[in-house]
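> Okay, predicted coordinates and the sequence, questions at the end:
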Amino acid sequence: MNDLEQIEITIEAAKKKIQTMEALNRLMDNKDFQRIIDEGYLKEEPVRLVYLKAAPEMQDELMQKQVISAIDGIGQLRAYLSRLMTQGYSALRAVEADEKTREEILAEQLEA
């Protein structure tokens, strides 16, 4: 595989990450997503779980593990969404650089 083919493959992979980021942006702009996931699950639910963790009736080891697991799940979702955004922005920069490199390679091939 030559350099040009490798750049094309890299650009296509990066474009998929950009599409995912754009889909996430559309989703995050959705009022229902904001209400249920952003406000409800990612903001209000952790507060509820922290209070629940401190409740006297929740001090049993199994109950504590369940609450911690629920809190961890929220953190995992938040980290996943953040990772998608970071990968998308990185892919945008990579596509710009790779497209410039592709143009340089094509220019060199025309000169040869």
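Yep, that arrived.
> In contact with Met28, which residues?
The neighbours of Met28, taking C-beta atoms under 8 Å, 6 or more residues apart in numbering as the test, are 34, 38. Quick note: C-beta positions are derived from backbone N, CA and C, even for glycine.
> One more: Arg35?
Counting by C-beta under 8 Å, 6+ apart, Arg35 makes contact with nothing.
> ok, it to Met1 distance?
48 Å (C-beta to C-beta, to the nearest Å).
> Same check on Leu77?
From Leu77 to Met1 the distance is 37 Å (C-beta to C-beta).
> before we move on, what about Glu111?
22 Å.
> follow-up on the earlier one: quick one: which of Leu77 and Met1 has more around it?
Taking other C-beta atoms under 10 Å, Leu77 and Met1 do not tie; Leu77 has more neighbours (13 against 7).
> Point me to the helix or strand that includes the more buried one.
Under the criterion DSSP states H and E, the helix or strand holding Leu77 is helix 61-111.
> And that helix, what does it pack against?
Contact partners of helix 61-111 among helices and strands, from 3 or more C-beta pairs under 8 Å, 6 or more residues apart in numbering; DSSP states H and E: helix 3-29, helix 45-54.
> centroid residue for this structure?
Leu84 (1.7 Å; C-alpha atoms, centre = their mean).
> quick one: that residue and Ile18 touch, right?
No - Leu84 is beyond contact range of Ile18, at 10.6 Å (criterion: C-beta atoms under 8 Å).
> Many thanks, have a good one.
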